[in-house]
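Undergrad: Got a sequence here, can you build the structure:
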Amino acid sequence: MTSARTIAYEVLLRVQTQRSYSDSLLDALLTKSQNLPPTERRFAKALIFGTLRNRTLLDYYLMQAGSFRPGKTDVRTLAALRLGAYQVMFMERVPDSAAVNESVGLVKERCGPKAAGFVNALLRRLVRCKSSLERPKVAFEADEAKFVKSVAVAFSFPEYLVQRWRHRFARDQLVALISKLNELPVKAVRVNRTKITVSDLAERLAMRGFGAEASALCPSALRLSGPGPLEETPEWREGLFTVQDEGAQVLSLLVETLRPHSIVDVCAGIGQKLTLLAERFPIALVVGNDTYLRKVEQSREQAKRLGLKNVRLVAGDLLSPTLRPKSFDLVILDAPCTGTGTIRRHPEIRWRVRPSHLRKTASLALNMLESCMQLAKQPGTILYSTCSLEPEENEEVIRKFLSRNADFEVCRLPDVPALLRPSMGEFGLTLFPHVYDCDGMFFSLLRRKP
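TA: Take a look at the predicted model:
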């Protein structure tokens, strides 16, 4: 019988062994489990993301409880141990007996009685000693190595990534950033102002139990709190809003004064930025392109739900024959990246950042950016963006692009709201989660010199 714990276990195991993404795996498994009650669905999500966000810390507690070495434990057993430990240490409403017994059952079914016995003994010891376990603290006054290690354990981040960011941030700022990346993301929506005002939508959602707060970053955004999935409300079905992080919505502010008549989003994905621009520039032709037909269809469905008539969609690579050269006032490139700015939504990303991966994504992004030149009119503008915090994928890509293409320059964005101006750099705008409480984003607006 499918349960929240079964789904959580499967997701955790696949994330560990197949480098899959937790949110897409969860969606797929929940789709197959239509009869699972809403409370169980929410429980499964809480188990998955809570366990992923606290992985190192859970191992730290388990090692205090008994003979346990994560690197020498079978991944199937390890997933069940962490899942059980998270319930014991962090979920007060879950009885310890249920946390232990269900974890034992998961392992017994997949690994046999010996592994089940090990899980049973270790989790029961954890229950007995949890009140006396040493809780890790950030060693602000310690030397560099001890400080980095303490942050890595306290916030369950790999030491490599903590050390990497330490080179760029003071100790207090580093802790603020990592702490923010361990929080649940803000529930934000983009109001479709072609259909409704921000205040009217806030009132309608308030009647359904959602608290609504105006965004300090984007005039078309609302920050929401409240029960249940937003996609199940009548307002969503009517196309009155799109669920989208405030950081991504900043894009529209950066191109506000361009007033483009033709726009192409060359990596449109499921159409979040594409439909944002179609709403903001209703008389412009907005073309979305993606290599995956499934994503093109999702973009089409979203544009239809929002009632946008100025969207055209194509499936193909960046230089698809359907994208005519020098045809667009504005070219949008949301480049492939490591996604470190979205760790709040994808906690497993923290374990996947490696120098080799960064070099690969940065090289790909630079090649794609240079291909975008062929699509831009003369004159024309390219908006490069990532959801990364890494300079290799952001400033370094722009620096290399400019060194190889002397006829382009970075736009200085004089109309950027005052709140964002401190985050402007030589090559673009960087949004840090601990500063703006949104996804980490990088934007650079490039144009041919007059």
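Undergrad: helices or strands up against the longest strand along the chain?
TA: For the chain, the strand that runs over the most residues, judged by DSSP state E, is strand 376-386. Applying 3 or more Cβ pairs under 8 Å, 6 or more residues apart in numbering; DSSP states H and E, one finds that strand 376-386 makes contact with helix 246-254, strand 328-334, helix 355-372, strand 441-448. The way it works is simple: take the backbone N, C-alpha and C, and place the C-beta from them, glycine included.
Undergrad: Out of the ones you listed, which is closest to L81?
TA: L81 lies closest to helix 355-372 among those, at 27.7 Å (Cβ to Cβ).
Undergrad: What ranges does the protein have for its strands?
TA: Listed in chain order (using DSSP E), the strands of the chain are 187-191, 211-214, 221-225, 241-243, 262-265, 285-290, 311-315, 328-334, 376-386, 408-410, 429-431, 441-448.
Undergrad: Adding mean pLDDT and distance to R41 as columns, could you present those in CSV?
TA: Shown next, in CSV, are the strands of the chain (pLDDT from 0 to 100; distance: least, Cβ to Cβ, whole Å):
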stretch, mean pLDDT, distance to R41
strand 187-191, 97, 16
strand 211-214, 94, 22
strand 221-225, 95, 19
strand 241-243, 97, 17
strand 262-265, 97, 32
strand 285-290, 96, 29
strand 311-315, 95, 31
strand 328-334, 97, 29
strand 376-386, 93, 31
strand 408-410, 94, 45
strand 429-431, 96, 31
strand 441-448, 95, 29
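Undergrad: what does the lowest-mean-pLDDT helix or strand in the chain rub up against?
TA: In the chain, the helix or strand scored least confidently by mean pLDDT, DSSP states H and E is helix 22-32, which has a mean of 89. Residues external to helix 22-32 that are found in contact with it (Cβ atoms under 8 Å, 6 or more residues apart in numbering): 2, 7, 10-12, 14-15, 36, 41, 44-45, 48-49, 52, 345-348.
Undergrad: re earlier: now for the helices and strands packed on strand 376-386, which one comes closest to R166?
TA: Shortest distance between R166 and the helices and strands packed on strand 376-386, using Cβ to Cβ, is found for helix 355-372: 15.8 Å.
Undergrad: remind me which residues of the stretch 1-150 of the chain are low pLDDT?
TA: Under the criterion of pLDDT under 70, the regions of the stretch 1-150 of the chain flagged as low confidence span 1.
Undergrad: Would you map the helices across it?
TA: 4-18, 22-32, 38-53, 55-65, 75-90, 96-111, 113-129, 144-155 (DSSP state H, counting those that start in this stretch).
Undergrad: Tell me which of those sits most buried.
TA: Here the criterion is mean neighbour count by mean count of other Cβ atoms under 10 Å, and of the helices of the stretch 1-150 of the chain the winner is helix 75-90, at a mean of 24.
Undergrad: Touching that one from outside, list them.
TA: Helix 75-90 is contacted by residues 5, 8-9, 12-13, 16-17, 47, 50-51, 54-55, 58-59, 61-62, 68, 70, 73, 94, 96, 98-100, 102-104, 106-107, 110-111, 115, 118-119, 122-123, 126-127, 130 when judged by Cβ under 8 Å, 6+ apart.
Undergrad: now do stretch 296-316
TA: 192, 194-195, 237, 239, 242, 268-272, 274-275, 278-279, 281-293, 320, 322-323.
Undergrad: do stretch 133-151 as well
TA: Residues external to stretch 133-151 that are found in contact with it (Cβ under 8 Å, 6+ apart): 57, 60-61, 64-65, 153-154, 157, 159, 162-163, 166, 171-172, 174-175, 178.
Undergrad: what does stretch 105-123 give?
TA: The contact list for stretch 105-123 (Cβ under 8 Å, 6+ apart) reads 5-6, 9, 62, 65-68, 74, 76-77, 80-81, 83-85, 88, 99-100, 103-104.
Undergrad: gap between it and the chain center?
TA: Here the centre of stretch 105-123 is set off from its chain's centre by 33 Å, with Cα atoms, centre = their mean, to the nearest Å.
Undergrad: Got the domain ranges for the chain?
TA: 4-132, 144-181, 187-243, 246-448 (automatic domain parsing).
Undergrad: want to throw these into JSON lines with distance to V138?
TA: Converted to JSON lines, those look like this (distance: least, Cβ to Cβ, whole Å):
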{"stretch": "domain 4-132", "distance to V138": "13"}
{"stretch": "domain 144-181", "distance to V138": "5"}
{"stretch": "domain 187-243", "distance to V138": "28"}
{"stretch": "domain 246-448", "distance to V138": "15"}
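Undergrad: Distance to E370 added to the helices of the stretch 1-150 of the chain, as TSV?
TA: Compiled in TSV, these are given as follows (distance: least, Cβ to Cβ, whole Å):
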stretch	distance to E370
helix 4-18	33
helix 22-32	30
helix 38-53	36
helix 55-65	38
helix 75-90	41
helix 96-111	48
helix 113-129	52
helix 144-155	37
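Undergrad: Nearest approach to P185 belongs to which of those helices?
TA: Distance to P185, taken as Cβ to Cβ, is lowest for helix 38-53 among the helices of the stretch 1-150 of the chain, at 10.1 Å.
Undergrad: ok and that closest one relative to helix 55-65, angle-wise?
TA: Between the direction of helix 38-53 and that of helix 55-65, the angle (axes from the mean of the first three to the mean of the last three Cα atoms, to 10 degrees) works out to 80 degrees.
Undergrad: just checking, what packs against helix 38-53?
TA: Counting contacts by 3+ Cβ pairs under 8 Å, 6+ apart, helix 38-53 is packed against helix 4-18, helix 22-32, helix 75-90.
Undergrad: Apply 10 Å and report the result again.
TA: For helix 38-53, the contact count by 3 or more Cβ pairs under 10 Å, 6 or more residues apart in numbering; DSSP states H and E identifies helix 4-18, helix 22-32, helix 55-65, helix 75-90 as packing neighbours.
Undergrad: out of those helices, nearest to R223?
TA: Checking the helices and strands packed on helix 38-53 against R223 by Cβ to Cβ gives helix 22-32 as the closest, at 20.3 Å.
Undergrad: Export the helices and strands packed on helix 38-53 as CSV, with columns for distance to N367.
TA: As requested, these are exported to CSV (distance: least, Cβ to Cβ, whole Å):
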stretch, distance to N367
helix 4-18, 27
helix 22-32, 26
helix 55-65, 34
helix 75-90, 35
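Undergrad: Would you tell me which of these gets closest to P219?
TA: Judged by Cβ to Cβ, the one of the helices and strands packed on helix 38-53 that comes nearest to P219 is helix 22-32, at 28.2 Å.
Undergrad: For the closest one, what is the distance to the chain centroid?
TA: On the basis of Cα atoms, centre = their mean, helix 22-32 sits 16 Å off its chain's mean C-alpha point.
Undergrad: Which of the strands of the chain sits closest to T340?
TA: With distances scored as Cβ to Cβ, the stretch of the strands of the chain nearest to T340 is strand 376-386 (9.3 Å).
Undergrad: now that closest one against strand 441-448, angle please.
TA: Taking the same axes, to 10 degrees, strand 376-386 and strand 441-448 form an angle of 160 degrees between their directions.
Undergrad: What are the buried residues along strand 376-386?
TA: A376, K377, G380, T381, I382, L383, Y384, S385, T386 (16 or more other Cβ atoms under 10 Å).
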